[in-house]
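Engineer: Whatever this is, show me its structure:
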Amino acid sequence: MTDVEELLRDTLADSRRKLDPPPGIYETVAERARGRRRRRSTIAAASMAVVAVAVAGSVAGVRASGGHAPATGHPSTPVQPTPVQPTPVRPTTTGVPQGTLSVPVYFGSGQAAGIALAGRSNTNGSVPTDVRNDLYVLTRNPSRIVLLFAWTASIEATGTGPSGAPSGIAVGDSGAVWAWSHDTGEVRAYEATTLSPLGTFQTQLRINSGAVVDGDLFLATDDGLFHEDPASDAVTPSAPTTAVEGVTGSVYSIAADPAQHRVLIVADNVIEAVDARTGAVTVGAATGLTKMSVAVVNDQVWAGGFASGDVPRLVRLDTDTLRVVSSFSPKDISPGAILWPGASVLWVGNGGLLDCVDSMTGATLEQWPAMQGPVVSARTAAYGVSDGNVYVLSGLAGGCEG
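Structural biologist: The predicted model follows:
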């Protein structure tokens, strides 16, 4: 027998090294838990016993794990699945119906950077059979544009998106879809039903947003408002690099107003209207808001933004003069409002919730968890973007028809 084997035998046979806890350990621990004091010697003995139990537990753990010691530190916690719905930041409004979000819509690889919704008629020959909604998704990483049949969320066509960081998409009434990147200024046009490329344009502009009116693409940029060459035909897209005279400085937000054949813009925190046919500019009154967005629904013009104090965050404007005719207090919408137009309602992102708002009265019809946006909707259908996903806003109720 070697010296090592003899030492090992003596160690295992030594009663002082046994791992069995001494008698009375559990009673002692119970007594300590009830807060009774013990003499210093008793505490020391109990501490030694606890160490022995801990060692025994470690050995048992090694045996239970097949001979491998478990990791030290805190016990492992099962990974919880990521919730489908963003969590509201502020309390919901009493009495207002609460909508839900669906499982994210599948559109292939990438993260959603923008969405657009368009209705078109299916035909049998030349006879319209029904109306369908087409959902367009612009993605980053990779840059793609995807066409989905909105009712079934089935992918019908895809195309290559603009270079750089794709940031926006717009659908016109001339059979074209436009997509652009904020950083590179590249703009691409596609045929609406197949996403076949119609043109790629290098504008050298920093594009903030865009809208289509009368088949003409308007771009809100850091250097003003630009649109397609007025001399170009309505079928073939042209480079949207013609500056609109009378609009200077940075243009942050833009909204289409097809009924009035104009676009509404936010330039230097002032709302202006630009006639799509003549280029005439109507300057509205200041609202006291910053970071404004503007939307037109049912011929009603709305503006929202951020402010402090008692300045209203959401206002309705006179259609002709663009002056404020009604407003909503900060306690209703705080700290600010971001607007998106629906087919029949106004979508307002504010304070951790998404509100479906009556476009005539400003009343909140229904609420959902917060959306980063944009939000688009048609009759009985609504979609929103958040964290790179596209969600269906389920449970339209309370007069919120999309």
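Engineer: Paired strands for the helix or strand encompassing residue 293, with orientation please.
Structural biologist: Residue 293 is part of strand 290-297, with elements assigned from DSSP states H and E. According to DSSP bridges, strand 290-297 forms sheet pairs with strand 300-306 (antiparallel).
Engineer: next structured bit after the strand it pairs with?
Structural biologist: With elements assigned by DSSP H and E, the helix or strand that comes after strand 300-306 is strand 314-317.
Engineer: and that next one, which strands flank it?
Structural biologist: Strand pairing for strand 314-317, using DSSP bridges, gives strand 300-306 (antiparallel), strand 324-328 (antiparallel).
Engineer: if we look at that strand, which residues are touching it?
Structural biologist: 271, 284, 287, 289, 300-304, 323-328, 332-333, 337, 339, 348, 350, 362 (CB atoms under 8 Å, 6 or more residues apart in numbering). Backbone N, C-alpha and C define where each C-beta goes, glycine included.
Engineer: Show me which parts of the strand holding residue 293 are buried, residue by residue.
Structural biologist: Under the neighbour-count criterion of 16 or more other CB atoms under 10 Å, strand 290-297 has 292, 293, 294, 295, 296, 297 buried.
Engineer: just those now: which is nearest residue 382?
Structural biologist: Among those, residue 297 lies closest to residue 382 (CB to CB), at 13.1 Å.
Engineer: Skipping its backbone neighbours, what lies nearest that closest one in space?
Structural biologist: The spatial neighbour of residue 297 that comes closest, neighbours along the chain excluded (CB to CB, 6 or more residues apart in numbering), is residue 359 at 3.9 Å.
Engineer: Domain-wise, how is this protein divided?
Structural biologist: Split into domains by automatic domain parsing, the chain comes to 22-52, 284-402.
Engineer: Least confident of these, on average?
Structural biologist: Lowest mean pLDDT of the domains of the chain: domain 22-52, a mean of 41.
Engineer: Return the residues in contact with residue 262.
Structural biologist: Contacts here follow CB under 8 Å, 6+ apart; on that basis residue 262 touches 213, 273, 274, 275, 276.
Engineer: Phi, psi for residue 260 please.
Structural biologist: Torsion angles at residue 260 (phi, psi; degrees, to the nearest 10) stand at phi -100, psi 0.
Engineer: And for it, the neighbour number?
Structural biologist: 17 (other CB atoms under 10 Å).
Engineer: And stretch 280-293, what's buried?
Structural biologist: Within stretch 280-293, the residues scored as buried using 16+ other CB under 10 Å are 281, 284, 287, 288, 289, 292, 293.
Engineer: Show me which of these is closest to residue 175.
Structural biologist: Closest to residue 175, out of all of the buried residues of stretch 280-293 and judged by CB to CB, is residue 293, at 27.4 Å.
Engineer: still on that earlier bit, same list, the buried residues of stretch 280-293, but as JSON lines with distance to residue 114 please.
Structural biologist: What follows is the buried residues of stretch 280-293, written out as JSON lines (distance: CB to CB, whole Å):
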{"residue": "281", "distance to residue 114": "27"}
{"residue": "284", "distance to residue 114": "27"}
{"residue": "287", "distance to residue 114": "26"}
{"residue": "288", "distance to residue 114": "29"}
{"residue": "289", "distance to residue 114": "24"}
{"residue": "292", "distance to residue 114": "19"}
{"residue": "293", "distance to residue 114": "14"}
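Engineer: Need the max-distance pair from the residues you listed.
Structural biologist: Maximum pairwise distance among the buried residues of stretch 280-293 (CB to CB): 21.4 Å, between 281 and 288.
Engineer: quick one: residue 259 is in a strand?
Structural biologist: No: per DSSP: H, G, I helix; E, B strand; the rest coil, residue 259 lies outside any strand segment and is helix.
Engineer: ok, it to residue 345 distance?
Structural biologist: 17 Å (CB to CB, to the nearest Å).
Engineer: of these two, who's got more company?
Structural biologist: residue 345 (25 against 11).
Engineer: returning to what we had before: quick one, which of the strands paired with strand 314-317 is nearest to residue 146?
Structural biologist: strand 300-306 (29.0 Å).
Engineer: Tell me the buried residues in stretch 327-347?
Structural biologist: Of all the residues in stretch 327-347, those buried under the rule 16+ other CB under 10 Å are 327-328, 330, 332-334, 336-347.
Engineer: what bridges to residue 385?
Structural biologist: Under DSSP bridges, the beta-bridge partners of residue 385 are residue 390.
Engineer: Please apply the same query to residue 314.
Structural biologist: Counting by DSSP bridges, residue 314 is bridged to residue 304, residue 328.
Engineer: residues near it, how many?
Structural biologist: As a burial measure, residue 314 scores 26 neighbours (other CB under 10 Å).
Engineer: I'd like to know how far it sits from residue 385.
Structural biologist: From residue 314 across to residue 385, the span is 21 Å (CB to CB).
Engineer: and if you look at residue 333?
Structural biologist: From residue 333 to residue 385 the distance is 21 Å (CB to CB).
Engineer: same deal with residue 215?
Structural biologist: Plainly put, residue 215 is 26 Å away from residue 385 if you go by CB to CB.
Engineer: what do you get for residue 344?
Structural biologist: Per CB to CB, residue 344 is found 20 Å from residue 385.
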